[in-house]
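Visitor: got a sequence here, can you build the structure:
(chains A and B)
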Amino acid sequence: MPKRFVTTKVEIEGREETKVVELPSRDPAPWTESAELTVVGQRVPRMDALEKVTGDARYTADIQLPGMLHAAIVRAGAPSGRVTTLDLSTALAMPGVRGAVTMDDLPDVKLDGVRLFDLAVHYAAQPVAAVCADSLDVAERAARAVRVVVEPAPHVSTASEALADGAPLVHPTGNAPRRSPRTFSRGDVDAALRDADVVVTREYRTPVALHTALEPHGAAAEWSGGRVTVWESTQGIFNTRADLASAFELPLSSVRVIKNYMGGGFGAKNGASHATYVAVALARKTGRPVRCILDREGEQSDAGNRPATHQRVTLAAKRDGTLTAIRFDGTITLGVGGWLEGPGNIYRELYRCPNVTTTETFAYVNTAPMASFRAPGSVEGAVGLECTMDILARELGIDPLELRRRNYAERDQDKDRPYSDKRLDACYDQGAERFGWKRARARRNEPGARLRRGVGMASIVWGAGGGPPAYATVRINRDGTIEVLTGAQDLGTGARTVMAQIAAEALGARINDVRTVLGDTERLPFASNSWGSITTASVGPAVRVAAEEARDSLFEAAAPMLDSEPDDLESRDSEIHSKNNDRCLLFRDVCEKLGDVMIIGQGSRGPNPQKTAISAFGAQFAEVDVDVETGRVRVLRIVSAHDSGRIINPTLAESQLEGGIIQGLGYALFEERALDQHLGLQLNPTMHDYKVPTIGDVPEIDAFFVEGADVTANHTGAKGLAEPPIIGTAPAIANAVADALGAEVRELPLAPWRVLSAARAARPSA
Amino acid sequence: MRLIVNGATHDVAAPDHETLLITLRERLQLTGAKLVCGRGECGACTVLLDETAVYACLTLTAACDGRRVTTIEGLAGGDALDRVQAAFVEHDALQCGFCTPGQILAAAALLRTTPHPTADDVRRGMSGNLCRCGAYPKIVRAVLAAADNAGGDANA
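Guide: Below you'll find the predicted structure:
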């Protein structure tokens, strides 16, 4: 039967695109909240854990090919100007050095607004050349032997410098993107401000944060017969393939991208990177396989970051706490390039408010480009919104949680549409209960105590519906084992396990009989990047359709063997059972009889419900101790309640919640790229100087999901969950610190000196 | 020079400045230990030198002549899984898995010197191993569980 197609809207991280989408071959009834599921919802152990604990898991950085060379990248070292000398002669003369690439050897491609290895320098870590050698050691020494002279030009490091009159230009077109500033409005904010009982205005600064994935960006490339195979540490194999095919002018079928395991992405690995282009170009030039893995300094200084923001927030309310106006003015410092993420989104969506204006002003500066970083925009925006909500609560004498409840948004006001499902109220109830919010709020610090205890909370919303296109194939082997094939990626999220559980449920198979194969553009049907918390909700329904199709074919084949009609059959634990005559057969028995006739099911992801917002929600509660003499903050407890629809695997989902909370804790307390603004150089491109949380920083965490299944969202009932937990963490901690000190927090991270100055501002006598 | 890696003897001709990490990964094809920071900041390269956990990125191969090296590939010896590995699987003490070999070897070394650790002992003993996915709460649980399992055996 020919496929049918429709035009539909798909939303990822707040961006809406119109797409043509295939209608799936079937539209199964949703797994409702009361559906009796036996595999979905179970705590199935992570299916690739064995490979990961034994060292068998081969990451891109571990790929070794016969005759493989190692590449190292040379960087400009100055934030602006022009490379006047690029002398590779010493490097190329070193024993073991096999080749080099400069701008002339690379495709004419722009990455974040900068041509690959441009001699016009836009930021200090900008790559200008790469060398390759028999060993990594020689390659790194050769890279250091390349002589780079930059004729310096004035640079800008901050948004205010960049947007000032007469500022040095980062790009010939200027220091502001074409669509900046970007303003969204509803209602009449000015009138609401005039009529309000209470108005508060505050300003905040959030830092540049670095992804710091343990496996750096990197690729290994090998050419053969005019085609190239690339092993890449990526969240998007098909995006990477498209980038490479376009850059090297190859048909898509001549580029194969493989990602089996990856050591973290967090948003920064969404397509071909410098390392990819270098590996592919050097492999072509030398005729040998080449591996290019960024060193740690390269990863920390030129592999994406969460951009700094300056936020000015005004909230207006009636005496009873009803919000009447929200105004947000944000400046986002992108670096040399990136995309226009939306810290204003959460201001427009989280609370019910008829009058809202958000203005986002973006600036290019001479630093490395930003990249998506776990809940881009909303992590930053939540800091300003949620800290100001607490200040408003204090002004009004209303409990912070109660103020949020009084402004509960029943629908998505930003796009004026209903939610498919929303259980934020349950998150508030259960989170507050498990945290002991009332009791904790009632406690008072001893006057003059050195350690001050405080509590704070924050709400969370994040678009998490996923959507088309995504495809899956399910095939049953002659021994009854089952393979789920889909071109998605498992970043460590558990996608391999989750897809196997969905297939096992739909097939009535034992989970141990199912294996998921991911991450190979040549062998697997399309699935999109694993970003925006979309994989489970996007790919899961395609897997279910494919598995149901395979199950139906299996029943057709089994029916005569069981003297039954296909409709009389049901399956469970890899056993087909006839309701007619109580006879049964194992999948294996049926498939053995079929021989090499292979049962194959194919599935695709259908359109999302239109004019409906699909979001995940949550509420985060934090308790801290603040040492008012040292300024040190110790987070004692985090309680985190989430509505992400049906949870396919609670253990893996809780692992992701904990991980998001811990990254948010780092953002709140330690993480900050340090830049010498005068020199335009990063001061902390190491893991010693850029502090991520250690095991010793981790508080007691109680992270859980409220029950539910979002049957409007898709027929598995699942929504995304990877990004929400990081959104509420920093504001909940900041609010707890403010509560402990009786002070306000204006800037992250809450390093001791910032905490001390906040404490002094609160107690002028001290 | 001669290294005894996971019980097998290897004659290695590595330059004086080569680190144990590079020798293991590039010469012996033992890629379980990871190169992440290259300067002793993250612990992803942790291996056992004799009975002690070391950062392989800060250990010169030349200093290991005649010594026993245990990597994640050899930790279980003849068994399918060592007790720490089994506990990491059972408690889901990993996500992307890149830091996991180092975490497990750090835990194995900790349990050799401190067979009955408290949660604080685990946090202190494991504080040199970073995990960006944030599997820490479950790592603590896994290490305590591994210790309990061993404790049962030792007292039997």
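Visitor: can you report phi and psi for the residue nearest the centre of chain B?
Guide: Most central in chain B under Cα atoms, centre = their mean is B:Leu105, positioned 2.0 Å from the mean C-alpha point. The phi/psi pair for B:Leu105 (degrees, to the nearest 10) reads phi -70, psi -40.
Visitor: quick check, the residue in the stretch 451-600 of chain A closest to chain B?
Guide: The stretch 451-600 of chain A approaches chain B most closely through A:Gly492 (2.9 Å), counting by Cβ to the nearest Cβ. No exception for glycine: its C-beta is placed from N, CA and C like everyone else's.
Visitor: likewise chain A?
Guide: Using Cβ to the nearest Cβ, the closest approach of chain A to chain B is made by A:Gly55 at 2.5 Å.
Visitor: quick revisit: how many neighbours does the residue of the stretch 451-600 of chain A closest to chain B have?
Guide: 29 (other Cβ atoms under 10 Å in any protein chain shown).
Visitor: and the residue of chain A closest to chain B, how many neighbours?
Guide: Neighbours of A:Gly55 using other Cβ under 10 Å come to 24.
Visitor: helix, strand, or coil at the residue in chain B that chain A sits nearest to?
Guide: Per Cβ to the nearest Cβ, B:Gly32 is where chain B lies closest to chain A, at 2.5 Å. The local conformation at B:Gly32, judged by DSSP: H, G, I helix; E, B strand; the rest coil, is coil.
Visitor: need the single longest helix in the chain, by residues.
Guide: Unless you meant another one, I'm taking chain A. Ranked by number of residues, the top helix in chain A under DSSP state H is helix A:535-561.
Visitor: that was the other one, I meant chain B.
Guide: Secondary structure of chain B per DSSP H: the longest helix is helix B:136-155.
Visitor: okay, buried residues for that helix please.
Guide: For helix B:136-155, the buried set under the neighbour-count rule, 16 or more other Cβ atoms under 10 Å in any protein chain shown, comprises B:136-147, B:150.
Visitor: which of these are close to chain A?
Guide: The subset of the buried residues of helix B:136-155 within reach of chain A, by Cβ under 8 Å from any Cβ of the partner chain, is B:Tyr136, B:Pro137, B:Lys138, B:Ile139, B:Val140.
Visitor: mind putting those residues into CSV with pLDDT?
Guide: Output for these, formatted as CSV (pLDDT from 0 to 100):
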residue, pLDDT
B:Tyr136, 98
B:Pro137, 98
B:Lys138, 98
B:Ile139, 98
B:Val140, 98
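Visitor: that older thread, who touches the residue of chain A closest to chain B in this structure?
Guide: For A:Gly55, the contacting residues are B:Leu30, B:Thr31, B:Gly32, B:Ala33, B:Thr71, B:Ile72, B:Glu73, B:Pro101, by Cβ atoms under 8 Å, 6 or more residues apart in numbering or on different chains.
Visitor: where's it relative to B:His116, distance?
Guide: Shown here: A:Gly55 relative to B:His116, a distance of 27 Å by Cβ to Cβ, to the nearest Å.
Visitor: same thing with B:Gly7?
Guide: As judged by Cβ to Cβ, B:Gly7 and B:His116 stand 28 Å apart.
Visitor: and for A:Val356?
Guide: 57 Å.
Visitor: the more surrounded of the two?
Guide: Set A:Val356 next to B:His116 and count neighbours by other Cβ under 10 Å: A:Val356 wins out with 23 against 12.
Visitor: what's the separation between the residue nearest to A:Ala375 when sequence neighbours are not counted and A:Lys259?
Guide: Closest residue in space to A:Ala375, ignoring its immediate chain neighbours: A:Glu723 at 3.8 Å, by Cβ to Cβ, 6 or more residues apart in numbering or on different chains. A:Glu723 is 20 Å from A:Lys259, where distance means Cβ to Cβ.
Visitor: ok, A:Gly41 next?
Guide: Distance of A:Gly41 to A:Lys259, given as Cβ to Cβ: 28 Å.
Visitor: show me which of the two is the more surrounded one.
Guide: Set A:Gly41 next to A:Lys259 and count neighbours by other Cβ under 10 Å: A:Lys259 wins out with 29 against 18.
Visitor: ok now do the more buried one, which residues does it touch?
Guide: A:Thr60, A:Trp231, A:Glu232, A:Ser233, A:Thr234, A:Ile237, A:Gln489, A:Leu518, A:Gly519, A:Asp520 are the contacts of A:Lys259 under Cβ under 8 Å, 6+ apart.
Visitor: run the last query once more with 10 Å
Guide: By Cβ atoms under 10 Å, 6 or more residues apart in numbering or on different chains, the residues touching A:Lys259 are A:59-60, A:219, A:230-237, A:240, A:265, A:269, A:487-491, A:518-521, A:530.
Visitor: one more: A:Pro749?
Guide: A:206-207, A:209, A:633, A:665-672, A:691, A:730, A:733-734, A:755.
Visitor: okay, and which of those map to helices?
Guide: Using DSSP H, these in helices are A:Leu665, A:Gly666, A:Tyr667, A:Ala668, A:Leu669, A:Ala730, A:Ile733, A:Ala734, A:Val755.
Visitor: any chance of the residues you listed in a markdown table, plus distance to A:Ala409, neighbour count and pLDDT?
Guide: Formatted as a markdown table, the ones in helices among the contacts of A:Pro749 follow (distance: Cβ to Cβ, whole Å; neighbours: other Cβ atoms under 10 Å in any protein chain shown; pLDDT from 0 to 100):
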| residue | distance to A:Ala409 | neighbour count | pLDDT |
| --- | --- | --- | --- |
| A:Leu665 | 27 | 28 | 98 |
| A:Gly666 | 29 | 24 | 98 |
| A:Tyr667 | 25 | 28 | 98 |
| A:Ala668 | 25 | 26 | 98 |
| A:Leu669 | 30 | 26 | 98 |
| A:Ala730 | 21 | 32 | 98 |
| A:Ile733 | 24 | 31 | 98 |
| A:Ala734 | 22 | 31 | 98 |
| A:Val755 | 33 | 24 | 97 |
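Visitor: for chain B, what helix or strand is lowest in average pLDDT?
Guide: Using mean pLDDT, DSSP states H and E, helix B:136-155 stands out as the lowest-scoring helix or strand of chain B, at a mean of 80.
Visitor: what helices or strands is that helix leaning on?
Guide: If contacts are counted by 3 or more Cβ pairs under 10 Å, 6 or more residues apart in numbering or on different chains; DSSP states H and E, helix B:136-155 sits against helix A:650-669, strand A:700-705, helix B:83-90, helix B:100-113, helix B:119-125.
Visitor: please redo it, this time with the cut-off set to 7 Å
Guide: Judged by 3 or more Cβ pairs under 7 Å, 6 or more residues apart in numbering or on different chains; DSSP states H and E, the packing partners of helix B:136-155 are helix A:650-669, helix B:83-90, helix B:100-113, helix B:119-125.
Visitor: per-residue confidence averaged over the last one?
Guide: When you say that, I think you mean helix B:119-125. The pLDDT scores in helix B:119-125 average 97.
Visitor: burial measure for residue 101, as a count.
Guide: Defaulting to chain A. 26.
Visitor: can you look at chain B instead?
Guide: 29.
Visitor: quick check: A:Gly77 touching A:Gln126?
Guide: No. A:Gly77 is beyond contact range of A:Gln126, at 9.0 Å (criterion: Cβ atoms under 7 Å).
Visitor: show me where the stretch 501-650 of chain A has strands.
Guide: Along the stretch 501-650 of chain A, counting by DSSP state E, counting those that start in this stretch, strands occupy A:514-517, A:569-572, A:575-578, A:584-586, A:599-604, A:615-627, A:633-643.
Visitor: any chance of the ones you listed in CSV, plus distance to chain B?
Guide: Shown next, in CSV, are those (distance: least, Cβ to the nearest Cβ, whole Å):
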stretch, distance to chain B
strand A:514-517, 16
strand A:569-572, 26
strand A:575-578, 27
strand A:584-586, 27
strand A:599-604, 27
strand A:615-627, 15
strand A:633-643, 10
